[in-house]
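**Student:** I would like to see how this sequence folds:
(chains A and B)
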Amino acid sequence: GAVVSQHPSWVICKSGTSVKIECRSLDFQATTMFWYRQFPKQSLMLMATSNEGSKATYEQGVEKDKFLINHASLTLSTLTVTSAHPEDSSFYICSARDHPRGTEAFFGQGTRLTVV
Amino acid sequence: GEDVEQSLFLSVREGDSSVINCTYTDSSSTYLYWYKQEPGAGLQLLTYIFSNMDMKQDQRLTVLLNKKDKHLSLRIADTQTGDSAIYFCAESLRAVDTDKLIFGTGTRLQVFP
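**Tutor:** I've put the predicted structure just below:
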């Protein structure tokens, strides 16, 4: 299957700072990318959907000014957690698809964010 | 609604079959998926089924779909210790300009010798 690379795998940051997470599709063009958040022993919660060149569509309850998503190219999407706080500590996973309505989405390995 | 429910935990003996169940609420789902997640890792797609199908088999995996009851199941034959992981079902919902995946609560499968 296609490969989606997420970087970094883990990051620790101080409260109040911003953190950027990258999601790259290595061998296909990712028309659509999804960002999920997963709390320990819980399911994946969809945060936002982004189509290349368009503004991201955020799910209800997700602050778009806090979680900035940029999908400037067909192989790269970034999630920036601004002014991070301990409650933002979580496992963030991106997913990419080569068509807005394709059958399969490929997942990155996830980024564990710890805010201290 | 977008609630996808699964039982939280399943324990089976190595060599037995495992059946993981999932119920979803949106009848307009086009595809339904099963993903596997190992500790600290991303998600691996195991299989998917189109909503107009009843069954799909892929090696040790069998997916059954009861669209009337909005019930999906994954059967793993000859379960191995390497199958121990969390299994998520997911439904594909049609949004305005894209299809988005909504995940179930996850079932932790533990396989013991």
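**Student:** Go ahead and list the helix or strand containing the residue most central in space within chain A.
**Tutor:** Note on chain A: the residue nearest the mean C-alpha position is residue A:35, at 3.6 Å, using C-alpha atoms, centre = their mean. Using DSSP states H and E, residue A:35 sits in strand A:32-38.
**Student:** Could you list every helix and strand in contact with the following helix or strand past that strand?
**Tutor:** Downstream of strand A:32-38, the next assigned helix or strand under DSSP H and E is strand A:44-51. With contacts defined as 3 or more C-beta pairs under 8 Å, 6 or more residues apart in numbering or on different chains; DSSP states H and E, strand A:44-51 has these neighbours: strand A:32-38, strand A:57-58, strand A:67-73, strand B:99-103. All C-beta atoms are positioned from the backbone trio N, CA, C, and that covers glycine.
**Student:** Switch these over to TSV; also include mean pLDDT and distance to residue B:24.
**Tutor:** Shown next, in TSV, are the helices and strands packed on strand A:44-51 (pLDDT from 0 to 100; distance: least, C-beta to C-beta, whole Å):
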stretch	mean pLDDT	distance to residue B:24
strand A:32-38	93	18
strand A:57-58	92	21
strand A:67-73	91	26
strand B:99-103	85	8
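**Student:** winner for burial among those?
**Tutor:** Mean neighbour count (mean count of other C-beta atoms under 10 Å in any protein chain shown) peaks for strand A:32-38 among the helices and strands packed on strand A:44-51, with a mean of 24.
**Student:** just how off-centre is the helix or strand of chain B with the lowest mean pLDDT within its chain?
**Tutor:** Using mean pLDDT, DSSP states H and E, strand B:99-103 stands out as the lowest-scoring helix or strand of chain B, at a mean of 85. Centroid separation for strand B:99-103 versus its chain: 13 Å, with C-alpha atoms, centre = their mean, to the nearest Å.
**Student:** Please save the CA atoms from stretch A:107-116 in CSV.
**Tutor:** Presented in CSV, the C-alpha positions along stretch A:107-116 are these (Å, rounded to 0.1, in the frame of the first residue of the first chain):
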residue,chain,number,x,y,z
PHE,A,107,-2.5,6.5,7.8
GLY,A,108,0.7,7.9,9.2
GLN,A,109,2.3,6.3,12.2
GLY,A,110,1.1,9.1,14.5
THR,A,111,2.7,11.8,16.6
ARG,A,112,2.6,11.7,20.4
LEU,A,113,2.5,15.2,21.8
THR,A,114,3.2,15.9,25.4
VAL,A,115,2.8,19.4,26.7
VAL,A,116,4.5,20.1,30.1
